[in-house]
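Chemist: Have a look; sequence and predicted model below, questions after that.
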Amino acid sequence: MTGKELVAKYQNIWDEFKNSEVNEPTSSNQDKLLDRGFVFEFDEELKDVDILFVGINPSYANGKPETLFYRKDDVKGLSYFKPFNKIIEELEENKNYGKKVTWSHLDMLVFRETQQSYIESELLKTEKGVEFVYKQLMVSKKILEYLNPKIMVVSNTSARSFLGRDKFVKDKKEYGFWMNYDFEFDYELGTDKIIKAEKLKPYTFFTSMLSGQRALDKGSRQRLIWHINKVLTEIE
């Protein structure tokens, strides 16, 4: 799998929905959603990474259409990525841990929109919107299995749902399956783990946001880093 191949997959989705109700302005910006282009990270040189940080979608503010993929080295100085870098630095430089880790980042969706509430309040209210989201998730699933992380840090409730963590059946109807992974809580290591998946079985930390007003407090962040180190140590 290459970045160019992924661009082609996403472009097919954009072409399919370009003339649909999905391609409309949002409350945060008058530019049509798909006309803004799409952006995603893919560190194609990495496989079997130690840690994968999972978010939801890139923001949009500059009014410049973009269609591109990038690697983490291209954006390591941007503010959004600083919490990831700090966690990795702590794991590698703290004498109590001393881990040398590989890592990457994945947004579940690639359209550019600053207000994440738009996904729940608008996109998932229509059949076309649901289809648009689902097709992007199927590409993200391929990236996720390509990177094959040992640990995932999921800092967004919608990303948690898209992974399938909250799926359920009611009155013989299935809800919230999306990527359809099965999880169970590992009581020895104290966190969730994907099970029954042929290609993917990472331990998974579902956390609060790592940056912004609702970010983890310092104590919670310290415990998260300690816990990540513990899991990495146990599974080595």
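Modeler: Great, that's in hand.
Chemist: hey, where'd the helices end up in this protein?
Modeler: Counting by DSSP state H, the segments of the chain that form helices are 3-17, 72-75, 82-93, 117-121, 127-147, 157-163, 218-235.
Chemist: To K99, which of these lies closest?
Modeler: Checking the helices of the chain against K99 by CB to CB gives helix 82-93 as the closest, at 4.5 Å. No exception for glycine: its C-beta is placed from N, CA and C like everyone else's.
Chemist: by contact count, what packs against that closest one?
Modeler: Under the contact definition 3 or more CB pairs under 8 Å, 6 or more residues apart in numbering; DSSP states H and E, helix 82-93 sits against strand 51-55, strand 103-107, helix 218-235.
Chemist: That one vs strand 51-55, what angle?
Modeler: Counting by axes from the mean of the first three to the mean of the last three CA atoms, to 10 degrees, helix 82-93 lies at 170 degrees to strand 51-55.
Chemist: so helix 82-93 versus helix 218-235, what angle?
Modeler: Going by the same axes, to 10 degrees, helix 82-93 makes 50 degrees with helix 218-235.
Chemist: For helix 82-93, give me every contacting residue.
Modeler: Helix 82-93 has contacts (CB atoms under 8 Å, 6 or more residues apart in numbering) with 51, 53, 76, 97-101, 103, 105, 153, 210-211, 215, 221, 224-225, 228-229, 232.
Chemist: State the number of residues packed around Q136.
Modeler: Residues lying near Q136 (other CB atoms under 10 Å) number 23.
Chemist: so how far is I56 from it?
Modeler: From Q136 across to I56, the span is 11 Å (CB to CB, to the nearest Å).
Chemist: Please verify my assumption that I56 contacts S161.
Modeler: No: applying CB atoms under 8 Å as the test, I56 and S161 come out as separate, 10.1 Å apart.
Chemist: Output the helices of the chain in a markdown table, with distance to F206 appended to each entry.
Modeler: As requested, the helices of the chain are exported to a markdown table (distance: least, CB to CB, whole Å):
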| stretch | distance to F206 |
| --- | --- |
| helix 3-17 | 26 |
| helix 72-75 | 22 |
| helix 82-93 | 15 |
| helix 117-121 | 17 |
| helix 127-147 | 15 |
| helix 157-163 | 5 |
| helix 218-235 | 11 |
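Chemist: ranking the helices and strands packed on helix 82-93 by burial, who's on top?
Modeler: Most buried of the helices and strands packed on helix 82-93, by mean neighbour count (mean count of other CB atoms under 10 Å): strand 51-55, with a mean of 24.
Chemist: other SSEs contacting it?
Modeler: Against strand 51-55 (3+ CB pairs under 8 Å, 6+ apart) you get helix 82-93, strand 103-107, strand 151-154, helix 157-163.
Chemist: Other residues contacting the third one?
Modeler: Counting contacts by CB under 8 Å, 6+ apart, the residues outside strand 151-154 that touch it are 50-54, 87, 160, 163, 202-207, 210, 224, 228, 231-232.
Chemist: ok, 10 Å please
Modeler: With CB atoms under 10 Å, 6 or more residues apart in numbering as the test, strand 151-154 has contacts from 49-56, 83-84, 87, 101, 103, 105-106, 108, 144, 159-160, 162-163, 165, 191-194, 200, 202-207, 210, 224, 227-228, 231-232, 235.
Chemist: Can you add distance to K170 and mean pLDDT and give the helices and strands packed on strand 51-55 back as TSV?
Modeler: Compiled in TSV, the helices and strands packed on strand 51-55 are given as follows (distance: least, CB to CB, whole Å; pLDDT from 0 to 100):
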stretch	distance to K170	mean pLDDT
helix 82-93	37	95
strand 103-107	30	97
strand 151-154	24	98
helix 157-163	15	95
